[in-house]
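**Student:** the following comprises the amino acid sequence and a computationally predicted model.
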Amino acid sequence: MLTTWLVLRFVKWLGIALFGGGLAVALASREPRTRFLGGLGLGTIGLLVTWMAGYGLLKIAGGHIWDTHVLGAILGSLAALAGGALGGLLRNRVVPTALVVGGLTAAIGVMTARTDPTAQLVLGAVLPAAIAAVAALLAGLLLPAHNTDADVSKHAVTRWFAWVARAEGTSLLVLLFVFMPLKYGADIEIDGGQGWVGWAHGVLLFVYLLALGGAVAVARWGVLAAIVGFIASTVPFGTFAFEWWMARRDRARAEAAAG
């Protein structure tokens, strides 16, 4: 048990390092493509690694994902990832920096104060808001403004969405057609009854919805596409079909505009 705990701790800190490094690149780099690779690519991978390792530590400690500090950490890290994504889209550094700094501070704060509700409120909300405000002010004064290429932004965000959609769709297929038939048909739990498969799917669903929101905003897919994309995440093969449909529609629009 101790060895497993130490391994998961190491993997979690590795994920945090990847996550934080990706977000830093998204805020600081002058190259649009580099910012997207950092904020969207490295940041997403780091978040997934962190959440998976954190879930293992939570199970060992006997906690639950609905615990206040766990939910706070999830929301904080999602806000930080959203800030990293915006770092490649917005010329102004204020909002992305506030989300990244505030989100990370909140996630670390609520995990640190997991046994004290008052401290959770202070470290998970009040202090992050204050630090985010200061960081945003300094970002507006010190960080260079980036000239964002709209075509580069759209391509990067839609590609990010495509990969996340495929991963989320795959996790749903594993859950419905491998995990559940084995569990309820043969009394075999491939994750040892620890809930790893369901948690992995839930994590990818969170990131999928964030990626969908980014693609809808940047590529201007529209409200209908957002609704269809959400419904697609609940249907087997739905995200694969939706991603293919949107890519085909974007290509047709680009060809029509060029012609």
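**Tutor:** Cool, got the structure.

**Student:** element containing residue 100, please.
**Tutor:** Using DSSP states H and E, residue 100 falls within helix 94-112.

**Student:** and that helix, what does it pack onto?
**Tutor:** Counting contacts by 3 or more C-beta pairs under 8 Å, 6 or more residues apart in numbering; DSSP states H and E, helix 94-112 is packed against helix 2-28, helix 68-87, helix 117-121, helix 127-142. The way it works is simple: take the backbone N, C-alpha and C, and place the C-beta from them, glycine included.

**Student:** which of the ones you listed has the highest mean neighbour count?
**Tutor:** helix 68-87 (a mean of 23; mean count of other C-beta atoms under 10 Å).

**Student:** tell me the angle of that helix relative to helix 127-142?
**Tutor:** 10 degrees (axes from the mean of the first three to the mean of the last three C-alpha atoms, to 10 degrees).

**Student:** give me the buried positions along stretch 215-226.
**Tutor:** 215-216, 218-219, 221, 225-226 (16 or more other C-beta atoms under 10 Å).

**Student:** picking that back up, which one of the helices and strands packed on helix 94-112 has the lowest average pLDDT?
**Tutor:** Lowest mean pLDDT within the helices and strands packed on helix 94-112: helix 117-121, a mean of 78.

**Student:** what's stretch 84-96 in contact with?
**Tutor:** Residues from elsewhere that reach stretch 84-96 (C-beta atoms under 8 Å, 6 or more residues apart in numbering): 22-23, 26-27, 32, 35-36, 38-40, 43, 83, 97, 99-100, 136-137, 139-140, 143, 145-148, 153, 156-157, 160, 210, 214, 218.

**Student:** only C-alpha atoms, please: export it in CSV.
**Tutor:** Provided in CSV are the C-alpha atoms of stretch 84-96 (Å, rounded to 0.1, in the frame of the first residue of the first chain):
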residue,chain,number,x,y,z
GLY,A,84,-4.8,28.4,-20.5
ALA,A,85,-7.1,27.9,-23.4
LEU,A,86,-8.0,31.6,-23.5
GLY,A,87,-4.3,32.4,-23.3
GLY,A,88,-4.0,31.4,-26.9
LEU,A,89,-7.1,33.3,-28.0
LEU,A,90,-7.1,36.7,-26.3
ARG,A,91,-4.7,39.5,-26.9
ASN,A,92,-5.4,40.9,-23.4
ARG,A,93,-3.6,38.8,-20.7
VAL,A,94,-5.9,39.9,-17.8
VAL,A,95,-8.7,37.3,-18.0
PRO,A,96,-6.5,34.2,-18.8
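
**Student:** any idea which of the buried residues of stretch 215-226 is least confident?
**Tutor:** Minimum pLDDT across the buried residues of stretch 215-226 falls on residue 218, with 78.

**Student:** who's in contact with that residue?
**Tutor:** Residue 218 neighbours (C-beta under 8 Å, 6+ apart): 89, 153-154, 157-158.

**Student:** please apply the same query to residue 173.
**Tutor:** For residue 173, the contact set (C-beta under 8 Å, 6+ apart) comprises 236-237.

**Student:** the one 4 residues further on too?
**Tutor:** Under the criterion of C-beta under 8 Å, 6+ apart, the contact partners of residue 177 comprise residue 236.

**Student:** grab the nearest non-local neighbour of residue 47.
**Tutor:** Of all residues not flanking residue 47 in the chain, residue 19 sits nearest, at 5.2 Å (C-beta to C-beta, 6 or more residues apart in numbering).

**Student:** the one you found contacts residue 73, doesn't it?
**Tutor:** No: here residue 19 does not reach residue 73: they are 11.9 Å apart, not a contact under C-beta atoms under 8 Å.

**Student:** ok so, going back, need the helices and strands packed on helix 94-112 in CSV with distance to residue 242, can you?
**Tutor:** Listed next are the helices and strands packed on helix 94-112 as CSV, based on distance: least, C-beta to C-beta, whole Å:
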stretch, distance to residue 242
helix 2-28, 26
helix 68-87, 19
helix 117-121, 37
helix 127-142, 34
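
**Student:** between the ones you listed, which gets nearest to residue 57?
**Tutor:** helix 2-28 (5.1 Å; C-beta to C-beta).

**Student:** then stretch 218-230 to PDB, C-alphas only?
**Tutor:** The C-alpha trace of stretch 218-230 is given here as PDB (Å, rounded to 0.1, in the frame of the first residue of the first chain):
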ATOM      1  CA  VAL A 218     -13.800  30.200 -31.500                       C
ATOM      2  CA  ALA A 219     -15.100  28.400 -34.600                       C
ATOM      3  CA  ARG A 220     -18.500  30.000 -34.200                       C
ATOM      4  CA  TRP A 221     -20.400  26.700 -34.400                       C
ATOM      5  CA  GLY A 222     -23.600  28.100 -32.900                       C
ATOM      6  CA  VAL A 223     -26.000  27.100 -30.200                       C
ATOM      7  CA  LEU A 224     -27.500  24.200 -32.100                       C
ATOM      8  CA  ALA A 225     -24.000  22.600 -32.500                       C
ATOM      9  CA  ALA A 226     -23.300  23.000 -28.800                       C
ATOM     10  CA  ILE A 227     -26.600  21.200 -27.900                       C
ATOM     11  CA  VAL A 228     -25.900  18.400 -30.400                       C
ATOM     12  CA  GLY A 229     -22.300  18.100 -29.200                       C
ATOM     13  CA  PHE A 230     -23.600  17.700 -25.600                       C
END
